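A.B. asks: I need the structure of the sequence given here:
(chains A and B)
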Amino acid sequence: MQTTFPALLLDHAARRPTAAALREKEFGIWQTLSWGDLAALVRSIACGLAAAGLKRDEHIVIVGENRPRLYASMLAAQSLGAIPVPLYQDAVATEYDFPIANAEVRFAIVEDQEQVDKMLDVRSRCPGLERIWFDDARGLRHYDEPGLVALDALVEAGREHHRAHGDFFAAEVARVRPGDVASMFFTSGTTGNPKGVVHTHETLIDRAAAGARFDKLTADDEVLAYLPPAWIGQNIFSYAQWLVCGYVVNCPESASTVTIDLKEIGPTYYFAPPRIFEGLLTSVMIRMEDAGRIKRWLFERAMTLARRVGPARMDGKPVALLDRLLYALGNLVIYAPLRNTLGFSRVRVAYTAGEAIGPDLFTFYRSIGINLKQLYGSTETAVFVCLQPDHEARADTVGVPIEGVELRVLDSGEILIRSPGLLKEYYRNPEATAEVLTDDGWYRTGDAGFVDAAGHLKIIDRAKDVGRLTGGASDGAIFAPKYVENKLKFFPYIKEAVAFGDGREMVCAFLNIDLEAVGNWAEKRNLPYGGYAELSQKPEVAALIRDCVDKANADLAADEKLAGSQISRFLILHKELDADDGELTRTRKVRRGFIGDRYGVLVDALYGGKSEQYVETEVRFEDGRTGKVTATLKIIDVPTYPPVGRAA
Amino acid sequence: MSGRAIGDVILDVRDISLSFGGVNALTDVSFDVREHEVRAIIGPNGAGKSSMLNCINGVYQPQKGSISLRGETFRHMNSRQVAEMGVARTFQSLALFKGMSVLDNIMTGRNLKMTTNLFQQAIRWGAAEREETTQRIAVERIIDFLEIQPYRHTQVGRLPYGLQKRVDLGRALAMEPQILLLDEPMAGMNVEEKQDMSRFILDVNDEFGTTIVLIEHDMSVVMDISDRVVVLDYGKKIGDGAPAEVRSNPDVVAAYLGTDH
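C.D. replies: From the prediction side, this is the model:
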């Protein structure tokens, strides 16, 4: 689609000026901004920014929650050919230093006092930041800082400018070309400085439109915008696709009212990372625990039926007449009210992405009739690379390449992508750009995976973490540690898993049990225990966990490529892996290398064929003191299965 | 507390004495409150703090002394008259309607602002309906201000204590008072709730220019947010001035640390 974001806005405003573009709940009521009003607001802000000196190709920072006037500000900047740079609203001030200095940012439009305070702090280190406009004036009345002005004043100045130069705005919009840079998104980057991912109007609009065609999105869809606008996912769903389709984007009242707002709006198109779906499910389960016995019985019966019938129904497969009738009854009594409570009554298409989602969690939503699917993409690919078609959603794949996407899998397992949505470059970082973009236009994702028999892409791990087994029965087989660990962690009894196998003859694992889940299980069996260390070494618990690992193996065996990654031996660690001990990152990712070194004696025992091993570990308590924990850990053998081909 | 200018004396309390039978709750207490300031009354338990507030509020009639509100002196006044003169208060032991929603509780604070009569309100038509809309907007602004949007339709009795205190403040704010009397707004709160409440009190003072008279037990909180502090002990005033002055006053130190309360 050869167009630009401001051109799309003006098109909607001309064709359907009174239709709703944005809604925001304020003072308890959903306030609507029509396309016509929005265009006028954008014009005012744009004229104001132009009068303030914002130039073509200049970067302007936007920070805040999803607020209509911040969306309008992004459009205003783009109308002038300037580049909005949304930054994460919950970042600390020093995290803004790099983007602001890197892009020589002079102007910022922010939400409120909290953000103003951070910007003023940044300015003490980046004096180039001249002007800061704020949307919400609360608490800012007595601030006396040069260049700190209310967004209201900017809008007013813009109106003034427009009265004097009536043709200015339209002419500026007409000068913006599809190939111009539209936005820049900073990716967090685990090491070093963040990288600015540069996207043009063309790349973002092309992908937004491709995604919209794939799911047949229309102007009648409704979206709730509640994730950070600096994240490209939110930006695509509630900005790029919003302008492409012309649907309504709803802004919640505050971060703490999202679940209430979700229910009131009933979006038809929804996106959330797995942890949100997990949180929603947990809240339902907690409330069910408190419900009366009859209700609980009914719920359990209905859910058993849903798990059996629901997924097949969603996949468009034939379902027996009796089951259809029972499901309709369940829908009346349980599923429909439940969807309503969750705010999913009207959801036509829901996506999850970002991390692996557990099969039970995924199936739960699909079984109650919510069309939850997975997608694959990243900031660099403008999100849409692979999507799952409506009747082909599965927990362990990420879908098929959609129109415009070419996929290539290297021998190393790394996935390469070519699509019209690839980033233009990393801002002022040609080395990083050269690392990911090949000369013939392929983007190196850094993810390892393969396309399965059904044509779905399956991501197994980061390419750099994927190894190979050497020697033994599965010599040369792919070993994807994270894939194996995730399979194990999907069992509620297993909290953490660390898999070893690269360059070894077999796969072995350290496990952490989930103290709460296993604790409950033990209580029901009158199994006494005095804490994590004791519970983890009970023979009954070992047997429980062994069953889980056995099931994981059976599951892995079903996958030709990953059958070699089945776990041969494991042990349950005597302490919980802890970020304070350096074993996990702050975002709770296991630091495999560090753990392997720290517990070298245990790794040796796993591969040395021992049946138990004595270990001494230094631990750091929360008050900073250190102590020693000792234990003799049992090592448990698990049978592995011969690989089963997909066809079999 | 930067930009707001403290004005003239708005409330002047002169030689107030109050006794219940033979017990002297207050003895010759005098102090003044200036417009836009945050004025604290502190003292150990039983010092007469709440009695003082009840005198200002018109709940108790002092036997001796006078109270002037914006230059108008009076000895006998009932709570309603005081409220009509722009004085609102919150209570130490919460006096909210536990079975009603947050929204409805705050709406009760708009009572004096309503112009339609009971009959009109009962049939909710014409003027009454329009009025409800305007009153609702005022209430919603308070809900927004106090950041209690998620609890709008929640029964007050089901909220944690710290939030109930916030609703209580919201109801007082609904009267759009010029003077706000707060009776131990931080009592029974944890540190985080105290910080939140302190911020809201300062915000009210700053955003609306409301004069605030607050009673507090917790010295440290008071010292941080007040412009001037009155100290009572056994019904008598033993100190009055800026927080730093009061803190170094030997009588005050003795009252708080010297004896066991």
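A.B. asks: Kindly report the residues of chain A close to chain B.
C.D. replies: Contacts of chain A with chain B, taken as Cβ under 8 Å from any Cβ of the partner chain, map to A:26-29, A:138-139, A:141-142, A:253-254, A:256-257, A:260. C-beta here means a position set from N, CA and C on the backbone, and glycine is covered the same way.
A.B. asks: just the buried members of these?
C.D. replies: Buried members of the residues of chain A next to chain B, counted by 16 or more other Cβ atoms under 10 Å in any protein chain shown: A:Phe27, A:Gly28, A:Gly139, A:Glu253, A:Ser254, A:Thr257, A:Ile260.
A.B. asks: List, one by one, the residues from chain B near chain A.
C.D. replies: So chain B meets chain A at B:2-4, B:103, B:136-137, B:140-141, B:143-144, B:147, B:149-150, B:152, B:203, B:206-207 (Cβ under 8 Å from any Cβ).
A.B. asks: Now the two most distant members of the buried ones among the residues of chain A next to chain B.
C.D. replies: Maximum pairwise distance in these, criterion Cβ to Cβ, is 25.1 Å, between A:Gly139 and A:Ile260.
A.B. asks: Now the stretch 51-200 of chain A against chain B: closest residue?
C.D. replies: A:His142 (3.6 Å; Cβ to the nearest Cβ).
A.B. asks: Just the mean pLDDT for whichever strand or helix holds A:Glu202, thanks.
C.D. replies: In the assignment (DSSP states H and E), A:Glu202 maps to helix A:201-214. In this model, helix A:201-214 has an average pLDDT of 97.
A.B. asks: and it, what does it pack onto?
C.D. replies: Identification of packing neighbours for helix A:201-214 by 3 or more Cβ pairs under 8 Å, 6 or more residues apart in numbering or on different chains; DSSP states H and E yields helix A:5-15, strand A:181-187, helix A:241-245.
A.B. asks: can you rerun that using 6 Å?
C.D. replies: helix A:241-245 (3 or more Cβ pairs under 6 Å, 6 or more residues apart in numbering or on different chains; DSSP states H and E).
A.B. asks: next SSE after the helix it packs on?
C.D. replies: Next along from helix A:241-245, by DSSP H and E: strand A:248-251.
A.B. asks: neighbours around the nearest residue to A:Asp465 once chain neighbours are set aside, how many?
C.D. replies: Nearest-residue entry for A:Asp465: A:Pro481, 5.8 Å, with adjacent residues in sequence omitted and distances by Cβ to Cβ, 6 or more residues apart in numbering or on different chains. Applying other Cβ atoms under 10 Å in any protein chain shown, we find 24 residues neighbouring A:Pro481.
A.B. asks: same question, B:Thr73
C.D. replies: 10.
A.B. asks: which of the residues of chain A next to chain B sit farthest apart?
C.D. replies: Maximum distance among those (Cβ to Cβ): 33.4 Å, for A:His142 and A:Ile260.
A.B. asks: returning to what we had before: just the residues of chain B next to chain A: which are in helices?
C.D. replies: In this view, those that belong to helices under DSSP state H are B:Leu103, B:Arg136, B:Ile137, B:Glu140, B:Arg141, B:Ile143, B:Asp144, B:Asp203, B:Asp206, B:Glu207.
A.B. asks: which residues touch residue 88?
C.D. replies: Since you didn't name a chain, this refers to chain A. Shown in contact with A:Tyr88 (Cβ atoms under 6 Å, 6 or more residues apart in numbering or on different chains): A:Pro228, A:Ala230.
A.B. asks: Chain B is the one I meant
C.D. replies: B:Ala172, B:Met175, B:Pro177, B:Leu180.
A.B. asks: mind checking the backbone torsions on the closest residue to it other than its chain neighbours?
C.D. replies: Nearest residue to B:Ala88, sequence neighbours excluded (Cβ to Cβ, 6+ apart): B:Pro177, at 3.6 Å. Reported as degrees, to the nearest 10, the phi and psi values for B:Pro177 are phi -70, psi 150.
A.B. asks: same question, A:Asp323
C.D. replies: On the backbone of A:Asp323 - angles per degrees, to the nearest 10 - the values are phi -60, psi -40.
A.B. asks: and which of the buried ones among the residues of chain A next to chain B is nearest to chain B?
C.D. replies: A:Phe27 (3.6 Å).
A.B. asks: Give the burial count for the residue of the stretch 51-200 of chain B found nearest chain A, as a bare number.
C.D. replies: Per Cβ to the nearest Cβ, B:Glu140 is where the stretch 51-200 of chain B lies closest to chain A, at 3.6 Å. Neighbours of B:Glu140 under the rule other Cβ under 10 Å: 18.
A.B. asks: who's in contact with it?
C.D. replies: Here B:Glu140 is in contact with A:Phe27, A:Gly28 (Cβ under 6 Å, 6+ apart).
A.B. asks: can you tell me which residues contact B:Gly170?
C.D. replies: B:Ile106, B:Ile142, B:Leu146.
A.B. asks: What residue, apart from its backbone neighbours, is nearest A:Glu24 spatially?
C.D. replies: A:Cys251 (4.2 Å).
A.B. asks: Tell me how far the one you found lies from A:Thr438.
C.D. replies: 40 Å (Cβ to Cβ, to the nearest Å).
A.B. asks: Confirm that B:Ala88 sits in a strand.
C.D. replies: Yes - counting by DSSP: H, G, I helix; E, B strand; the rest coil, B:Ala88 falls inside a strand.
A.B. asks: Show the pLDDT at it.
C.D. replies: On pLDDT, B:Ala88 comes in at 91.
A.B. asks: Look up which residues are beta-bridged to it.
C.D. replies: Applying DSSP bridges to B:Ala88 gives these bridge partners: B:Leu180.
A.B. asks: residues in contact with the residue nearest the centre of chain B?
C.D. replies: Centroid-nearest residue in chain B, with Cα atoms, centre = their mean: B:Leu181, separated by 1.8 Å. When contacts are counted by Cβ under 6 Å, 6+ apart, B:Leu181 touches B:Leu53, B:Arg89, B:Val213.
A.B. asks: go with 7 Å
C.D. replies: B:Leu53, B:Ile56, B:Asn57, B:Val87, B:Arg89, B:Val213 (Cβ atoms under 7 Å, 6 or more residues apart in numbering or on different chains).
A.B. asks: Please identify the member of those residues with the greatest number of neighbours.
C.D. replies: The most crowded member of the contacts of B:Leu181, judged by other Cβ under 10 Å, is B:Val213 (26 neighbours).
A.B. asks: Can you tell me the SS state at it?
C.D. replies: strand.
A.B. asks: And it, how far from B:Met52?
C.D. replies: From B:Val213 to B:Met52 the distance is 9 Å (Cβ to Cβ).
A.B. asks: got any ranges where the chain has weak pLDDT?
C.D. replies: Went with chain A since none was named. A:1, A:189-191, A:587, A:645-648 (pLDDT under 70).
A.B. asks: look at chain B instead
C.D. replies: For chain B (pLDDT under 70), the answer is B:1-4, B:75, B:124, B:257-261.
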